[in-house]
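Peer 1: Coordinates for the following, if possible.
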Amino acid sequence: MTSNPVRLFHLSDIHFGLEDREALAWVKREIAAKRPDAVAITGDHTMRARQREWDAATRWITGLDVPVTISIGNHDMPYFNPVERFVTPYKRFEGMKALVERELLLPGLAIVPLKTVRRWQPRLNWSKGWVTDEALVQCLAALDALPQGTKALVAVHHPLREVGTHGTALTRHGEQALTELARRKVLGVLSGHVHDPFDIAEPTSEGEVRMIGAGTLSHRLRSTPASFNELVWDGTTLSVTVRNVEHLPSRAMRIADVPPDAMPPRTEGQPVAPVGRVPPVDPPVH
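Peer 2: Alright, predicted model coming up:
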């Protein structure tokens with residue numbers, strides 16, 4: 001164990017345009033009070049990538065007085081402008097360009113990005129994840145270049161999970177990515193997209209990888225209230241606590257598995273199912 005554990009806040013799916021302002025005010029107070037070493041936001045900062053949504057996201061995120069890294073989510077790609085999507089898909093990130101897929105090196109712990117979005121896909125549903133060869137090579141090179149003894153968390157938007165068929169795969173080439181990450185003994189993969197928190201040990205041919213999903217801070221709830229994850233690395237153990245606006249225990253918040261469609265309801269308002277509809281499981285101990 002280290003004398004000064006590393007504390008990380010893992011946020012996701014804020015969806016400015018349908019953001020939960022009370023939840024965001026609460027999170028900002030928590031950041032000011034606890035002063036985490038870093039904040040990782042794993043994508044879907046906006047609802048439809050409109051300029052006003054990006055302006056709001058940029059003001060809020062750049063106003064956090066701690067180191068921040070952000071991932072690109074499928075909702076962050078231009079939604080109504082196909083020309084912009086194909087030619088300059090990341091133009092609206094300009095106000096916080098330095099934070100996009102930013103590698104953070106903390107004492108004994110690194111956060112390394114892995115992009116899971118594409119401006120187009122050879123399938124109808126472009127909301128799902130896709131790990132390109134280029135993105136994986138960049139991520140693995142960054143992991144291999146870390147100082148000796150430094151542990152790593154990999155930040156993505158989509159859970160790196162495939163379900164056996166090309167049509168319904170959550171993230172194409174996710175299994176390959178997980179296998180390579182298992183080979184490098186990463187502490188875990190931080191993701192969003194699902195809008196419910198989870199902490200799952202995913203098997204690969206090279207061993208298990210811990211998949212850690214954050215909930216949403218928007219009104220697009222699935223089955224649990226607005227939340228974020230608080231992670232603490234003490235040099236030996238990575239603990240993950242789900243912090244939520246209703247102050248429910250972590251076990252009541254976590255879903256037991258990533259749902260097959262991995263999508264929140266399209267309508268805003270109340271959850272579509274009661275909290276705890278899926279029996280929670282204890283997180284793996286690493």
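
Peer 1: In contact with the closest residue to Glu206 other than its chain neighbours, which residues?
Peer 2: Nearest residue to Glu206, sequence neighbours excluded (CB to CB, 6 or more residues apart in numbering): Ala182, at 3.9 Å. Bear in mind the C-beta positions are built from the backbone N, C-alpha and C, glycine included. By CB atoms under 8 Å, 6 or more residues apart in numbering, the residues touching Ala182 are Thr204, Ser205, Glu206, Gly207, Glu208, Val209.

Peer 1: which SSE is the first one in?
Peer 2: I take that to be Thr204. According to DSSP states H and E, Thr204 maps onto no helix or strand at all.

Peer 1: Might one say that it is in contact with Gly174?
Peer 2: No - with contact defined as CB atoms under 8 Å, Thr204 does not reach Gly174; the gap is 10.3 Å.

Peer 1: So between the two, which is more surrounded?
Peer 2: Between Thr204 and Gly174, counted using other CB atoms under 10 Å, Gly174 has the larger neighbour count: 25 against 17.

Peer 1: And for the more buried one, nearest residue in space, chain neighbours not counted?
Peer 2: Leu160 (3.8 Å).

Peer 1: That neighbour: neighbour count?
Peer 2: Neighbourhood size, Leu160 [other CB under 10 Å]: 27.

Peer 1: Helix, strand, or coil at it?
Peer 2: Classification of Leu160 using DSSP: H, G, I helix; E, B strand; the rest coil returns coil.

Peer 1: Enumerate every residue touching it.
Peer 2: Each residue near Leu160 by CB under 8 Å, 6+ apart is listed here: 116, 129, 131, 171, 174-175, 177-178, 181, 189, 191, 202, 209, 211.

Peer 1: Is it possible to get a markdown table of those that adds pLDDT?
Peer 2: Shown next, in a markdown table, are these (pLDDT from 0 to 100):
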| residue | pLDDT |
| --- | --- |
| Thr116 | 94 |
| Gly129 | 79 |
| Val131 | 93 |
| Thr171 | 86 |
| Gly174 | 92 |
| Glu175 | 93 |
| Ala177 | 97 |
| Leu178 | 97 |
| Leu181 | 98 |
| Val189 | 98 |
| Ser191 | 97 |
| Glu202 | 95 |
| Val209 | 97 |
| Met211 | 97 |
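
Peer 1: Closest one of the residues you listed to Ile61?
Peer 2: In terms of CB to CB, no member of those lies closer to Ile61 than Ser191, at 18.1 Å.
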